[in-house]
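*Asks:* after the sequence you'll find the predicted model.
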Amino acid sequence: NAGVTQTPKFRVLKTGQSMTLLCAQDMNHEYMYWYRQDPGMGLRLIHYSVGEGTTAKGEVPDGYNVSRLKKQNFLLGLESAAPSQTSVYFCASSDRGDEQYFGPGTRLTVT
Amino acid sequence: ILNVEQSPQSLHVQEGDSTNFTCSFPSSNFYALHWYRWETAKSPEALFVMTLNGDEKKKGRISATLNTKEGYSYLYIKGSQPEDSATYLCAPGNTDSWGKLQFGAGTQVVVTP
């Protein structure tokens, strides 16, 4: 069981570039989440999904898009990266709102 | 967005001492309160998921209580050890947004030998 995996682990982007972060889970969880962690701000929810084909906005959705085409995968896209999106991104999954299992994180720097 | 407050923001504890800290949250439309432990350079890990008023949960030297009527939870660490050093996050869930948690900013605990 790999649990929750995230790809890539690190990335440096230039302002205006686009990228997709991939989250995969092998626990057959219904719910998946994308968070960002910034110093002094804790974990803030970007988008989440309560099932395959569904997505919903979290606390800080602007500048991000998501897709959940397969139950095990949750993709986070940045269409035009900005320095304000420099952060550590965590994906998590849960079984219908039970405890969340977190991935190892992706450190993104936008210059 | 729920108003979730954790206090204190940080605390330093001597090895062997016990400590506790608080999470407060809106009591209306509550359905669950999660506690997570987050060590530096790692990912958050779940400690407890609590749903019922008066719930008490325990894992080793760490325990938690829940008061849903007044909207608070306490986390206790008995006989703190250096490996307990971490940030402890609480996250309530609200029936207005099922499945979505609102994380507090956390209490950073540093245990010194």
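*Replies:* Received the coordinates, thanks. Treat the numbers as computed from the prediction; the structure is a model and nothing was measured.

*Asks:* up against chain B, what does chain A have?
*Replies:* A:31, A:33, A:35, A:40-45, A:48, A:50, A:56, A:58-59, A:90, A:92, A:94, A:96-105 (Cβ under 8 Å from any Cβ of the partner chain). Backbone N, C-alpha and C define where each C-beta goes, glycine included.

*Asks:* please repeat the previous calculation with a cut-off of 7 Å.
*Replies:* Within chain A, the residues that sit near chain B (Cβ under 7 Å from any Cβ of the partner chain) are A:31, A:42-43, A:45, A:48, A:50, A:58-59, A:90, A:97-100, A:102-105.

*Asks:* from these, list the buried ones, please.
*Replies:* Buried subset of the residues of chain A next to chain B (neighbour count, 16 or more other Cβ atoms under 10 Å in any protein chain shown): A:31, A:42-43, A:45, A:48, A:50, A:58-59, A:90, A:97, A:99-100, A:102-103, A:105.

*Asks:* so where does the residue nearest the centre of chain A fall, helix or strand?
*Replies:* Nearest residue to the geometric centre of chain A (Cα atoms, centre = their mean): A:Trp34, 3.1 Å. Here A:Trp34, judged by DSSP states H and E, is contained in strand A:31-38.

*Asks:* just the buried residues of that strand, please?
*Replies:* Buried residues in strand A:31-38, defined by neighbour count with 16+ other Cβ under 10 Å: A:31-37.

*Asks:* can you show me the strands along the chain?
*Replies:* Picked chain A for this. For chain A, the strands defined by DSSP state E occupy A:4-7, A:10-13, A:19-25, A:31-38, A:42-49, A:56-57, A:64-67, A:73-78, A:87-94, A:101-102, A:106-110.

*Asks:* switch to chain B, that's the one I care about
*Replies:* According to DSSP E, the strands that chain B contains are B:5-7, B:10-14, B:19-24, B:30-38, B:45-50, B:56-59, B:62-67, B:72-77, B:86-94, B:107-112.
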